[in-house]
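Q: Next come a sequence and a model predicted from it.
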Amino acid sequence: MKSTDWTDTIGCLACHLVLLAMFLLVAAGCNAPEAGSAKGPQANSDQHVIEDPPHQRTVMPPDSADRVDWPNFRGPEFRSRTDRSLPIEWSADAGVRWKSELPGRGASSPIVSGDRILLTAYSGFGEDIEDPGDFLNLRHHLLCFERAAGELTWEREITGTHLKQKMNPELGRHGFASSTPVTDGNSVFAFFGVTGLFAFDMQGQLQWQQNLGLETHYFGSSASPILFENLVIVNASIESKSVFAFDKSTGSLVWKIPGIVECWSTPVIGNNPNGQPEMVISSKNKVSGFNPVTGELLWTCAGIQDYVVSVPVIVDGICYLTGGKEKQLIAVRLGGRGNVEESHKLWDHKKYGANVSSPVYHEGRLYVFHDNGILQIFNAEDGKLITRQRSATRTRPFASPLLAGDKLYMPFQDAGIGIYSAGEQSEELAVNQFADGMPLMASVVPIGDAFLIRDDRYLYCVDGTSAKTNTLPRQQPQDFDIVQTVESYNIEPERGWSRRYLLFLSPDIEQTTRYLLMPYQSVITDEQTARSREIIQGERAKYDSLRKRFELVQREQMENPQVDPSIHNETWAALEADTKQLNHETRILVKQLFSEQQMARHLADAAENKAHIKPGGQKQK
């Protein structure tokens, strides 16, 4: 058995578990979907090229002042700007329209699509650095809020991967929900590091998921997914040293770029001087331009001489980037080919810039918040420092500034949000904090004439005018409708949907059991309910154990590719035998339960005089 085939085998097992979970649906006349699972990227698929692109493609122009959508990290064009004027004063008691309690921590920023606000969080592990808890309790959350009042519309909870990552101070700052989701208005895509990339529709139904690698890092994961045409693109440098592009509708792999090292940054896309789009990736020691349609390398040059977290900004065909512990600030003109060190790199300055925070461009100037909180202003033409402005903090900012009109909004870990004028000489206009005083790790997002900001407890909507804040306590999310999800997966089985997580997206056994028994709640006995609950829990525990064994062996082979695969043959054979045995046991349970629930349904029909039942279960003529 080959290591790359484990997903097929475990997918077959998962199908039987789905059959088990759907035994009541079968009794009601519903057919279980066929076995199948969406495979992750293949190790030997460095690049996959789709059809030739048209002669010229262009990135969408910047949004107008009337447009309120903010679909991805740093917004349209990845420039973190809006023409709107936003409030500059608020307090713990006034100026906040609403605040909605979150299920856990997170450093991701909200995104906006129409009347929906989408955000991620995590809970169960690592919320307290001193006492992180059990890693097996890690849960990722994708939340959808109603824009006007901040009410929770739906929430999806995803069980974290079993790949344990030791809690440490750096990881503890931002945790396990640092990547901002992205949406096209029809679907939303959320990335949770080694747990995977998940695609949901705007009603919260799972569409597909992909695993992007098994590696972890002391600093955790933070890159955010982006969209381009039909692709969702994700930097998985930490998980597999690669950047992936998937078809956003099907989840199938389109291309893969290997060799992306120590890069926590998000790729950005902008037009070169000829009006054609290029994707720029800033990683350790190099910055490179790619064709976003095919993943083809177009150009490269020396970049930040260290790891990279900050996200570049592209303006008028020029990419500005910063990063590194020692700080570095670089400008490269797009449109080159091959090594562009001499031809297209415009300037490269050491000792200036930022480690984490990303730059903002405005009227020929770059605004960058240094790690000590100082606002630096540079001439974008030559990169020379114009001035520096002391901010409200001396701690390292993890967020990035928003340009709103002619003002900069900068969240700090320990000092709320600082507001600064965006001129050649900047002035601190205001500093506002929230009542709980929690660190602000996410960025400000405009929403009309108000803005959104999250901390580890609340999502806030600040309008500067509300006399009283409407506080929404933690709301119980709508139940995950596993029945509807399984049925929807039966529509297009050739798309390779992943059914492995259907039973496990909600770890709540009571919730799963309640949904599965809903069609029979009027006739099923307490004893049958209890038995169903025990079986679901027991089978899922056995499945989880087996899945972990598969993944650990796969990881061992990935980490030691030179090892003769035959060494693992005995292990794979044992795992395959255990899988077959569990499949057999599951089939027996399904038959038993099907028989019992079928009889329960017939008895219910008889009670309603819909049919006359013989002892053997046959209808009398």
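A: Right, received. Where do you want to start? All values reported here derive from a predicted model rather than from experimental measurement.

Q: List the buried residues in stretch 426-436.
A: Within stretch 426-436, the residues that qualify as buried are 426, 428, 430-434, counting by 16 or more other CB atoms under 10 Å. C-beta here means a position set from N, CA and C on the backbone, and glycine is covered the same way.

Q: Go through the residues you listed and say which is closest to Asp93.
A: Closest approach to Asp93 among those (CB to CB): Phe434, at 10.6 Å.

Q: ok, so what distance separates that closest one from Val360?
A: For Phe434, the distance to Val360 (CB to CB, to the nearest Å) stands at 23 Å.

Q: cool, Arg474 as well?
A: Distance from Arg474 to Val360, by CB to CB: 34 Å.

Q: Tell me which of the two has more neighbours.
A: Val360 (24 against 12; other CB atoms under 10 Å).

Q: is it true that that one touches Ala399?
A: No. Using CB atoms under 8 Å, Val360 is not in contact with Ala399; the gap is 11.9 Å.

Q: How about the secondary structure of Arg545?
A: Actually, residue 545 is Ser. It isn't Arg. In three-state terms, and counting by DSSP: H, G, I helix; E, B strand; the rest coil, Ser545 is helix.

Q: So what's the residue count around Gly229?
A: Quick fix: residue 229 is Glu, not Gly. Counted with other CB under 10 Å, Glu229 comes out at 10.

Q: ok, and the closest non-adjacent residue to it?
A: Val293 (7.1 Å; CB to CB, 6 or more residues apart in numbering).

Q: ok, now Glu101?
A: Leaving aside its sequence neighbours, Glu101 sits nearest to Arg474 (CB to CB, 6+ apart; 4.2 Å).

Q: again with Asp455
A: Nearest non-adjacent residue to Asp455, counting by CB to CB, 6+ apart: Met438, 4.0 Å away.

Q: and that neighbour, how many neighbours?
A: Other residues near Met438 come to 17 when the count uses other CB under 10 Å.

Q: what pLDDT does it get?
A: The score at Met438 is 85. That number is its pLDDT.

Q: quick one, what contacts it?
A: Going by CB atoms under 8 Å, 6 or more residues apart in numbering, Met438 touches 455-457.

Q: May I ask which of those has the most neighbours?
A: The residue in these with the most neighbours, by other CB under 10 Å, is Asp455 (22 neighbours).

Q: from memory that residue sits against Asp436, does it?
A: Yes. With contact defined as CB under 8 Å, Asp455 counts as touching Asp436 (6.9 Å).

Q: Now do the domain split for this protein, please.
A: With domains defined by automatic domain parsing, the chain comprises 3-37+499-607, 110-222.

Q: Least reliable of these by average pLDDT, please.
A: Comparing mean pLDDT across those, the weakest is domain 3-37+499-607, with a mean of 54.

Q: Contacts only, for the residue nearest to Glu101.
A: Counting by CB under 8 Å, 6+ apart, Arg474 touches 101-103.

Q: one more time with 10 Å, if that's ok
A: When the contact criterion is CB atoms under 10 Å, 6 or more residues apart in numbering, the partners of Arg474 are 100-103, 152, 457-458.

Q: how close does the closest residue to Glu363 other than its chain neighbours get to Ile158?
A: Computed as CB to CB, 6+ apart, the closest residue to Glu363 that is not its neighbour in sequence is Ala422, at 7.8 Å. Distance, Ala422 to Ile158, using CB to CB: 39 Å.

Q: More neighbours: which of the two?
A: For the pair Ala422 and Ile158, the greater number of neighbours falls to Ile158 (24 against 21), based on other CB under 10 Å.

Q: Find the residue closest to the more buried one in space, skipping its chain neighbours.
A: His140 (4.4 Å).

Q: after the helix or strand where that neighbour lies, next one along is what?
A: Using DSSP states H and E, the element containing His140 is strand 139-146. Moving toward the C-terminus from strand 139-146, the next helix or strand (DSSP H and E) is strand 152-159.

Q: Pairing partners for that following strand, with directions?
A: Within its sheet, and counting by DSSP bridges, strand 152-159 is paired with strand 139-146 (antiparallel).

Q: got the CA positions of the partner strand in PDB?
A: Coordinates of each C-alpha in strand 139-146 appear next as PDB, following Å, rounded to 0.1, in the frame of the first residue of the first chain:
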ATOM      1  CA  ARG A 139     -11.400  24.100  17.700                       C
ATOM      2  CA  HIS A 140     -11.300  26.600  14.800                       C
ATOM      3  CA  HIS A 141     -14.400  28.700  14.300                       C
ATOM      4  CA  LEU A 142     -15.700  30.400  11.100                       C
ATOM      5  CA  LEU A 143     -18.400  33.000  12.100                       C
ATOM      6  CA  CYS A 144     -20.900  34.900  10.000                       C
ATOM      7  CA  PHE A 145     -22.500  38.100  11.500                       C
ATOM      8  CA  GLU A 146     -25.300  40.300  10.300                       C
END
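
Q: quick one on the thing from earlier: with pLDDT and distance to Thr529 added, can I get the contacts of Met438 in JSON lines?
A: Shown next, in JSON lines, are the contacts of Met438 (pLDDT from 0 to 100; distance: CB to CB, whole Å):
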{"residue": "Asp455", "pLDDT": "94", "distance to Thr529": "41"}
{"residue": "Asp456", "pLDDT": "93", "distance to Thr529": "38"}
{"residue": "Arg457", "pLDDT": "93", "distance to Thr529": "36"}
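
Q: Closest one of those residues to Ala223?
A: Nearest to Ala223 among these: Asp456, at 20.7 Å, using CB to CB.

Q: what's the nearest residue to that closest one if we skip its chain neighbours?
A: Nearest residue to Asp456, sequence neighbours excluded (CB to CB, 6+ apart): Arg105, at 4.2 Å.

Q: Could you give the bridge partners of the one you found?
A: Beta-bridge partners, per DSSP bridges, of Arg105: Tyr122.

Q: what packs against the strand or helix carrying Ile453?
A: Assigned by DSSP H and E, Ile453 belongs to strand 450-454. Strand 450-454 sits against strand 96-101, strand 116-123, strand 402-404, strand 407-411, strand 445-447, strand 458-462, with contacts defined as 3 or more CB pairs under 10 Å, 6 or more residues apart in numbering; DSSP states H and E.

Q: And whichever helix or strand comes after the fourth one, what does it pack against?
A: Sequence-wise, the next helix or strand downstream of strand 407-411 (DSSP H and E) is strand 417-421. Contact partners of strand 417-421 among helices and strands, from 3+ CB pairs under 10 Å, 6+ apart: strand 365-369, strand 375-379, strand 385-389, strand 407-411, strand 428-432.

Q: Can you list the strands that the third one pairs with?
A: Strand partners for strand 385-389, identified by DSSP bridges, are recorded as strand 375-379 (antiparallel).
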